[in-house]
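Enquirer: please find the sequence and the predicted model below.
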Amino acid sequence: MPEFTCQTCAATFSLSDKVLDRYPGWTPKTCRSCRDGGGGANRVRGGARRARIVEENLTVAEVLERYTDGPQDGVFTDGSAAPNPGPGGWGAVYVVGGRVVDQAHGHEARTTNNRMELTALLAGFDLVPDGTPATIHTDSRLAVDTISIWAAGWERNGWKRKTGPIQNLELVQALYAKAKARPELRLEWIPAHAGNRWNEYADSLSTAYLRERL
């Protein structure tokens, strides 16, 4: 399988050709461990040394200066917790023609990466005026699959599943309700830390609580 180097922790990781074929032209930037940990994780390297990995933590102005690629329309959301669980934040930005129309961000003292991803999406849906078509971008594959694939079956089954409790149920229910009520909004996955300007901007919003400047 093709091997890549994680730009967050420098570890080598691999992905199957089957996965890569689904996203032509995509080069993964982060390993699964760093991605699932919201860009920050405690990793043992060489079985001996434990290193603390942190995000770039750029301001939104620095993001706009550094990144130019990616879609220029829609809503972009991100959430993270470091460590996971631990303190975390979320961010959402609504962009039309490469210009910010609206944005929102927040944080919680004790949360998880997935809760922040879902919270960011809830805020992102609310940024778009009713009846206005738009794409809602998230780099959480779990969030996309939860709302687009699994939630309908869970709702039919009384919000239960055979494999155990549904994590973050209240957020999943709220987001699924919004998605059903807003058919003009399309939920779509976007690669994390792949140089997409507005995904990086949403990431910056999600870590704003760590900085003095937005």
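Expert: Here it is on my side, so go on. From a predicted model like this one, the values you see are computed outputs, not experimental measurements. Numbering: from 1, shown residues only.

Enquirer: elements contacting the longest helix that the chain contains?
Expert: Once the chain is assigned using DSSP state H, the helix that runs over the most residues is helix 113-127. Packing partners of helix 113-127 (3 or more Cβ pairs under 8 Å, 6 or more residues apart in numbering; DSSP states H and E): strand 74-81, strand 86-96, strand 99-111, strand 134-138, helix 141-145, helix 169-181, helix 197-206. Heads up, the C-betas are built off the backbone N, CA and C, glycines and all.

Enquirer: what angle separates the last one from helix 113-127?
Expert: What it means is helix 197-206. If you take axes from the mean of the first three to the mean of the last three Cα atoms, to 10 degrees, helix 197-206 sits at 110 degrees to helix 113-127.

Enquirer: re the thing from before, a markdown table for the helices and strands packed on helix 113-127, including distance to Glu212 and mean pLDDT?
Expert: A markdown table is the format used below for the helices and strands packed on helix 113-127 (distance: least, Cβ to Cβ, whole Å; pLDDT from 0 to 100):
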| stretch | distance to Glu212 | mean pLDDT |
| --- | --- | --- |
| strand 74-81 | 19 | 96 |
| strand 86-96 | 14 | 97 |
| strand 99-111 | 14 | 97 |
| strand 134-138 | 27 | 98 |
| helix 141-145 | 30 | 95 |
| helix 169-181 | 29 | 98 |
| helix 197-206 | 14 | 97 |
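
Enquirer: any idea which of those gets closest to Glu188?
Expert: Proximity to Glu188, assessed across the helices and strands packed on helix 113-127 by Cβ to Cβ, is greatest for strand 134-138 (5.2 Å).

Enquirer: partners of that closest one, with directions?
Expert: Strand 134-138 has its sheet partners listed here by DSSP bridges as strand 74-81 (parallel), strand 185-189 (parallel).

Enquirer: list the buried ones in the shortest one?
Expert: For strand 185-189, the neighbour count (16 or more other Cβ atoms under 10 Å) marks Leu185, Leu187, Trp189 as buried.

Enquirer: can you list the residues you listed in CSV and add pLDDT and distance to Leu127?
Expert: Converted to CSV, the buried residues of strand 185-189 look like this (pLDDT from 0 to 100; distance: Cβ to Cβ, whole Å):
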residue, pLDDT, distance to Leu127
Leu185, 98, 10
Leu187, 97, 14
Trp189, 97, 19
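
Enquirer: out of these, who's nearest Pro83?
Expert: Trp189 (24.4 Å).

Enquirer: ok, now which ones touch that closest one?
Expert: By Cβ atoms under 8 Å, 6 or more residues apart in numbering, the contact list for Trp189 reads His137, Thr138, Asp139, Ser140, Arg141, Val144.

Enquirer: domains in the protein, as residue ranges please.
Expert: Per automatic domain parsing, the structural domains of the chain span 3-52, 60-210.

Enquirer: go through those domains and pick out the most buried.
Expert: domain 60-210 (a mean of 19; mean count of other Cβ atoms under 10 Å).
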